[in-house]
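In: okay, predicted coordinates and the sequence, questions at the end:
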Amino acid sequence: MIKNRVSLKSLNTFSLRVYADYVIKVYTEGDLLIFWNRFVQKGYSVLILGRGSNVLFLEDYCGVILLNRIKGIDLHEDKYYWYLHVCSGELWHELVVYSLKNNMPGLENLALIPGCVGAAPIQNIGAYGVELQKFCEYVDILNLDIGEKIRFTVDECQFGYRYSIFMEQFKFNYVIVAVGLKLSKTWRPVLNYIGLDKLNINSVTPVGIFNAVCIMRQYKLPDPLVFGNAGSFFKNPVINCALMDDLLNDYPDMPCFFYKQNLVKLSAGWLIENCNLSVSTCGYASIYKKQSLILININQQATAGEIVTLAGRIYEKVMDYFHISLEPEVRFIADFGEIDSVQLLSTGKKVLRK
Ligand code: FAD
Ligand code: EPU
């Protein structure tokens, strides 16, 4: 279905009132190639979107949005693993439910994360002590310029905290079309995250963890249909242990968690709560009371400008107070494509990401 000047309000979880020239739902890889070539040849900008749960549209998008709705799951197994080849338009949470219903545990800690399977590897989605990379065997991408499919092994994806190679390369000419997951038949619960550590390791079941995660998330996270949001607005900063020691001298209560080698992860939420921010709102944009890392759209009336102004104030205060640069997790989309979010918050300049 093709429309002209289409509202994106229901296509971005921030519920911002913005428009795109065209929005097209795409159900097959063949259609992806057809629409890509047709519009790129005419000089349009093209953006691939899943469920819009990690984007901030700064203004109307002057181009074409291809909504990824490519569905399908293939399953096979051997003695040790279940192997799932999942098309990228499947919903992540529905995949978690499907795997548990079919007695293939492993994904339960990642319940209720919004969005499509195809977006999951891009920032290596993670929650409650588990990240996608633990189960990812490969990621299939389609190079839209040459119509060629390429398979990235898990090592080639270069996964890290909220990071993968897909954030840096091939940005303007690829789509993730499928993700290969490998679930071990020897299930081990992951209960080290605060909140899950109360569960009994000897009796807990995958569904028990799934339910606990859903309850915690429903309590802590705002429902985008009530308060538009895109989950955590900023990433949690990762710093080295020497810097952490200095910070702990000045702020003995500052929480930190081991990340890897000599690196620790800070709580950006704590930094926001302790940086002397005088106001927590800007127009209809606000810091969510139960979870400071989340910015919300009150009454679904906020403008992108209000959200950016609030985010900019937070960025500046945390920088002034702790000398730590917060990096947005949410991807900023301007009229012709994605821009560098840190540049915008720190200098006010819109610089296209390359
Ligand atoms: P979109 O927002 O549609 O797209 C995100 C980016 O990826 C865009 O730049 C888009 O162009 C690109 N993209 C999307 N699909 C493709 C594709 N197939 N090929 C190439 N590029 C593509 N994230 C976590 O990691 N952990 C959480 O616990 C978590 N909780 C959240 C809770 C809430 C309430 C919300 C609203 C968000 C949360 N998120 C969380 C963020 C979000 O759910 C994830 O980033 C998710 O993977 C985004 O999926 P999407 O389909 O909505 O992506
Ligand atoms: N932490 C641990 N172990 C714990 C508790 C916390 O390592 O037992 C770490 C977390 O990994 C995080 C920091 O301490 O780095 C703060 O944790 P908090 O529980 O306050 O969560 P948060 O920072 O608000 C993060 C993710 C969420 C994810 C939750 C639960 C980011 C930017 N956000 O939120 O992801 O659901 O942890 O794991 O990492 C999102 O990305 O949109 C998102 C909602």
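Out: That came through, no problem. Ligands and ions are numbered 1, 2, ... in the order given.
In: would you mark the buried spots in stretch 293-308?
Out: 293-298, 300, 302-304, 306-308 (16 or more other Cβ atoms under 10 Å). To be clear about C-beta, it is placed using only N, CA and C from the backbone, and glycine gets the same treatment.
In: number of residues surrounding the residue of the stretch 151-300 of the chain found nearest ligand 1?
Out: Ranked by Cβ to the nearest ligand atom, the top residue of the stretch 151-300 of the chain for proximity to ligand 1 is Gly231, at 2.6 Å. Counted by other Cβ atoms under 10 Å, the residues lying close to Gly231 total 21.
In: thought it was touching Glu329?
Out: Yes - between Gly231 and Glu329 there is a contact under Cβ atoms under 8 Å: 7.3 Å.
In: overlap in contacts of the two?
Out: Common contact partners of Gly231 and Glu329 (Cβ atoms under 8 Å, 6 or more residues apart in numbering): Asn54.
In: mind checking pLDDT for the single nearest residue of the stretch 51-200 of the chain relative to ligand 1?
Out: Nearest residue of the stretch 51-200 of the chain to ligand 1, counting by Cβ to the nearest ligand atom: Gly115, 2.2 Å away. At Gly115, the model reports a pLDDT of 98.
In: how about the contacts made by it?
Out: Taking Cβ under 8 Å, 6+ apart, one finds Gly50, Arg51, Ser53, Asn54, Leu91, Trp92, Ile125 in contact with Gly115.
In: could I get those residues as TSV with neighbour count and secondary structure?
Out: Shown next, in TSV, are these (neighbours: other Cβ atoms under 10 Å; DSSP: H, G, I helix; E, B strand; the rest coil):
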residue	neighbour count	secondary structure
Gly50	25	coil
Arg51	19	coil
Ser53	20	coil
Asn54	23	coil
Leu91	17	strand
Trp92	26	helix
Ile125	21	coil
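In: pLDDT score for the residue nearest to Gly118 when sequence neighbours are not counted?
Out: Residue nearest to Gly118 in three dimensions, not counting chain neighbours: Ser88, with 2.6 Å by Cβ to Cβ, 6 or more residues apart in numbering. pLDDT, Ser88: 98.
In: Ser88: what's it in contact with?
Out: Per Cβ under 8 Å, 6+ apart, neighbours of Ser88: Gly50, Asn68, Ile70, Cys116, Val117, Gly118, Ala119, Val175, Ile176, Val177, Ala178, Val179.
In: going by distance to ligand 2, which of the residues you listed wins?
Out: Ala119 (11.7 Å).
In: could you measure from that closest one over to Ile125?
Out: 8 Å (Cβ to Cβ, to the nearest Å).
In: and if you look at Ile324?
Out: 24 Å.
In: before we move on, what about Ser45?
Out: 26 Å.
In: show me where the stretch 1-150 of the chain has helices.
Out: 29-41, 92-101 (DSSP state H, counting those that start in this stretch).
In: likewise for the stretch 151-300 of the chain?
Out: Under DSSP H, counting those that start in this stretch, the stretch 151-300 of the chain gives helices at 206-220, 241-250, 268-273.
In: most tightly surrounded among the ones you listed?
Out: helix 268-273 (a mean of 20; mean count of other Cβ atoms under 10 Å).
In: interface residues of the stretch 101-250 of the chain facing ligand 1?
Out: 113-116, 118-120, 122-123, 125-127, 175-176, 221, 224, 229-231 (Cβ under 6 Å from any ligand atom).
In: make it 5 Å
Out: Counting by Cβ under 5 Å from any ligand atom, the residues of the stretch 101-250 of the chain close to ligand 1 are 113-116, 118-120, 122, 125, 127, 175-176, 221, 230-231.
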